[in-house]
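Participant: Any chance you can model this:
(one chain, ligands or ions: 1)
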Amino acid sequence: MAKASNFLQSTLLPSSSPTLRNLRTPSPTISFPASSRQPRPGTINCSVSTGETTTKRAAEDLPDNISWGCEIDSVENATSLQRWLSDSGLPPQKMAIDRVDVGERGLVASQNLRKGEKLLFVPPSLVISADSVWTNGEAGEVMKRYDVPDWPLLATYLISEASLQKGSRWFNYISALPRQPYSLLYWTRTELDMYLEASQIRERAIERITNVVGTYEDLRSRIFSKHPHLFPKEVFNDETFKWSFGILFSRLVRLPSMDGRFALVPWADMLNHNCEVETYLDYDKSSKGVVFTADRPYQPGEQVFISYGNKSNGELLLSYGFVPREGTNPSDSVELALSLRKNDKCYKEKLDALKKHGLSTPQCFPVRITGWPLELMAYAYLVVSPPDMINSFEEMAKAASNKSSTNKDLKYPELEEEALQFILDSCETSISKYSRFLKESGSMDLDITSPKQLNRKAFLKQLAVDLSTSERRILYRAQYILRRRLRDIRSGELKALRLFSGIRNFFKQ
Ligand SMILES: C[S@@+](CC[C@H](N)C(=O)[O-])C[C@H]1O[C@@H](n2cnc3c(N)ncnc32)[C@H](O)[C@@H]1O
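Facilitator: So this is what the prediction gives:
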């Protein structure tokens, strides 16, 4: 979607709500299929549940006739959406919704599209934002009174409108949304532990699930429980919030030209992502609509793509539930965890310095195929620095936190070899975890371009294998660079040593 990487950077609720404050987007540096027409394993039709433990409850709680979207590849609902949108003011389009090879449903050129051509022109009246009018006006008033920030407000709005079915003006839109978005929010804890054991994305997914649950709990205790007639538990519960947050994570866009406002943009949100494309959704003031500019020509029948932002494969899996093909994502990165050594004589002093600058142990840093950030090097200097450098701990921790303007000058030649060796060791520990997982997962040859043919387990496993392979590939590259650098340092030292003994021998003669 638009450069939406900073989705949750804004505070979600007033500071009295710590869980909501924590609900944030992945750091900026860096669902699964059902068999055709069958509910997915662990899911129920017409509900949003998939959690193993909650399936039964959600099935009992939700009225059978609630429409919470459709099967993820339903073109029928998407076609009704298209019709409704054109009746509601969407100008004639040069693209149509169709079943596609990448992303199941997508927008396909219906005529020649020129490079540089503006497309879509979705008017603001068809965009859902925090300012949208609530069909249930009383519920909207209550939410506004509590000053609920955009994300939880939009999540609640979506559930409220979905529950009203045909009574909501968004009925056609909501009917075309996936009943169960592809998102790590729908992975159970067991699945996360089993499949994402090697990747730091596991932690991020657990944190995100916890925050979504926390956000719901916070809204429930502060607002819903006080107005049960407006927010009944059968409709506003943790399962429906998982659904609405899954929709927001995978479809909400940030529109830079609308003061960075977050919005759901029906029609535009049928566009799939391509890592090689560099065009984003934005509001166009001159045409007064949401547009994007084609960054290459398309022929009729070709799927048209946008960019969801410069995201790593892990971030794409976390929010959108897919992993791009290996080596195709120039923004790919892997989080490498570095830790202080437990037996360090200055463990406490170093930890204090880290904490002072908002860091911890372990601390993750993004590694890319092109290298790693200076912050990672600064952290490694801190880890390996001896007690007599205690006065430099503060400077190192500050540089590791990205708050230092002097980062570029942070050089400790006497520590460089040890720091690089420490990063190499951390890298190799991480590589061995990926290798163990990949070995255990066995060699699989599953075609996830048609995930409906696979059962849930095989599909999740394949996503995890793809993610692990791409993350390990980056670490292999880092390992190669580190080894080479260490070899150079060591051979340079050896040369200097030889030169020194040569000179000494010379003077002895
Ligand atoms: C904004 S929606 C795009 C429309 C979506 N395909 C649909 O049918 O509703 C984002 C979702 O599309 C799918 N998607 C987008 N780009 C993809 C890609 N390159 N590969 C696989 N799935 C993709 C993912 O399921 C993602 O969660």
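
Participant: From now on I want contacts and neighbour counts done on CA atoms only, so please keep to that.
Facilitator: Fine.

Participant: Can you give the domain ranges for this structure?
Facilitator: 18-320, 333-499 (automatic domain parsing).

Participant: Out of these, which is closest to the ligand?
Facilitator: When the domains of the chain are compared for distance to the ligand using C-alpha to the nearest ligand atom, the nearest one is domain 18-320, at 3.5 Å.

Participant: low-scoring stretches of the protein, by residue?
Facilitator: 1-67, 404-408, 443-454, 493-509 (pLDDT under 70).

Participant: The residue most central in space within it: helix or strand, and which one exactly?
Facilitator: Central residue of the chain (C-alpha atoms, centre = their mean): Glu315, 3.3 Å from the mean position. In the assignment (DSSP states H and E), Glu315 maps to helix 313-320.

Participant: Please apply the same query to Phe437.
Facilitator: With the criterion set as DSSP H and E, the secondary-structure element containing Phe437 is helix 413-440.

Participant: Same check on Leu376?
Facilitator: helix 374-384.

Participant: Not counting that helix itself, show me its contacts.
Facilitator: The contact list for helix 374-384, computed with C-alpha atoms under 8 Å, 6 or more residues apart in numbering, reads 338-341, 350, 365, 393, 396-397, 399-402, 407-408, 410, 412, 415-416, 418-420, 422-423.

Participant: Going by neighbour count, which residues of that helix are buried?
Facilitator: Using 16 or more other C-alpha atoms under 10 Å as the test for burial, helix 374-384 gives Leu374, Glu375, Leu376, Met377, Ala378, Tyr379, Ala380, Tyr381, Leu382, Val383, Val384.

Participant: and if you look at stretch 269-278?
Facilitator: Judged by neighbour count (16+ other C-alpha under 10 Å), stretch 269-278 contains these buried residues: Asp269, Met270, Leu271, Asn272, His273, Asn274, Cys275, Val277, Glu278.

Participant: ok, now stretch 280-294?
Facilitator: Judged by neighbour count (16+ other C-alpha under 10 Å), stretch 280-294 contains these buried residues: Tyr280, Leu281, Asp282, Tyr283, Asp284, Gly289, Val290, Val291, Phe292, Thr293, Ala294.

Participant: Wait, Phe241 touches Val212, no?
Facilitator: Yes. At 7.4 Å, Phe241 counts as touching Val212 under the criterion of C-alpha atoms under 8 Å.

Participant: which bits of this protein sit near the ligand?
Facilitator: If contact is defined as C-alpha under 6 Å from any ligand atom, the residues of the chain in contact with the ligand are 72-73, 102-106, 177, 182, 250-251, 269-274, 320-322.

Participant: Which ones among the residues you listed lie within strands?
Facilitator: Filtering these for membership in strands, criterion DSSP state E, returns Arg105, Gly106, Asn272, His273.

Participant: With distance to Ala464 added, can I get the residues you listed in TSV?
Facilitator: Below are those laid out as TSV (distance: C-alpha to C-alpha, whole Å):
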residue	distance to Ala464
Arg105	23
Gly106	24
Asn272	21
His273	19
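
Participant: Quick check: of those residues, which lies closest to Val142?
Facilitator: Nearest to Val142 out of those is Asn272 (C-alpha to C-alpha; 35.5 Å).

Participant: Show me what that closest one bridges to in the sheet.
Facilitator: Phe305 (DSSP bridges).

Participant: Can we start the residue count at 411 from this point?
Facilitator: That works, and once the first residue is 411, the last one we named lands at Asn682.

Participant: Make sure it is actually in contact with Gly513.
Facilitator: Yes. At 6.2 Å, Asn682 and Gly513 qualify as touching, with contact defined as C-alpha under 8 Å.

Participant: what's the overlap in contacts for these two?
Facilitator: Where contact means C-alpha under 8 Å, 6+ apart, no residue is in contact with each of Asn682 and Gly513.

Participant: show me where the stretch 561-710 of the chain has strands.
Facilitator: If DSSP state E, counting those that start in this stretch is used as the criterion, the strands of the stretch 561-710 of the chain fall at 663-665, 671-674, 682-683, 692-694, 699-703.

Participant: need those strands in a markdown table with distance to Glu527, can you?
Facilitator: Converted to a markdown table, these look like this (distance: least, C-alpha to C-alpha, whole Å):
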| stretch | distance to Glu527 |
| --- | --- |
| strand 663-665 | 19 |
| strand 671-674 | 23 |
| strand 682-683 | 18 |
| strand 692-694 | 13 |
| strand 699-703 | 5 |
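
Participant: May I see the buried residues of stretch 494-510?
Facilitator: Trp494, Leu495, Leu500, Met505, Ala506, Ile507, Asp508, Arg509, Val510.

Participant: In helices, which of those appear?
Facilitator: With helices taken from DSSP state H, the overlap with these comprises Trp494, Leu495.

Participant: Filter the buried residues of stretch 494-510 down to the ones in strands?
Facilitator: With strands taken from DSSP E, the overlap with those comprises Met505, Ala506, Ile507, Asp508, Arg509.

Participant: shouldn't the second one be in contact with Gln521?
Facilitator: No. Here Ala506 lies out of contact with Gln521, judged by C-alpha under 8 Å, at a distance of 9.8 Å.

Participant: on that earlier part again, and the buried residues of stretch 494-510, which two are furthest apart?
Facilitator: Using C-alpha to C-alpha, the two most remote members of those are Leu500 and Val510, lying 22.5 Å apart.

Participant: Could you measure from the spatially closest residue to Gly670 that is not a sequence neighbour over to Tyr693?
Facilitator: Nearest non-adjacent residue to Gly670, counting by C-alpha to C-alpha, 6 or more residues apart in numbering: Arg664, 5.4 Å away. With distances defined as C-alpha to C-alpha, to the nearest Å, the gap from Arg664 to Tyr693 amounts to 10 Å.

Participant: what's the answer for Ala747, then?
Facilitator: Distance of Ala747 to Tyr693, computed by C-alpha to C-alpha: 39 Å.

Participant: what does Gln575 give?
Facilitator: The span separating Gln575 from Tyr693 equals 29 Å under the rule C-alpha to C-alpha.

Participant: just Ser717 next, same as before
Facilitator: Applying C-alpha to C-alpha to Ser717 and Tyr693 gives a distance of 15 Å.

Participant: Could you do Ala678 as well?
Facilitator: In this view, Ala678 and Tyr693 are 11 Å apart by C-alpha to C-alpha.

Participant: between these two, what contacts are shared?
Facilitator: A shared contact of Ala678 and Tyr693, defined by C-alpha under 8 Å, 6+ apart, is any residue touching both; here these are Val700.
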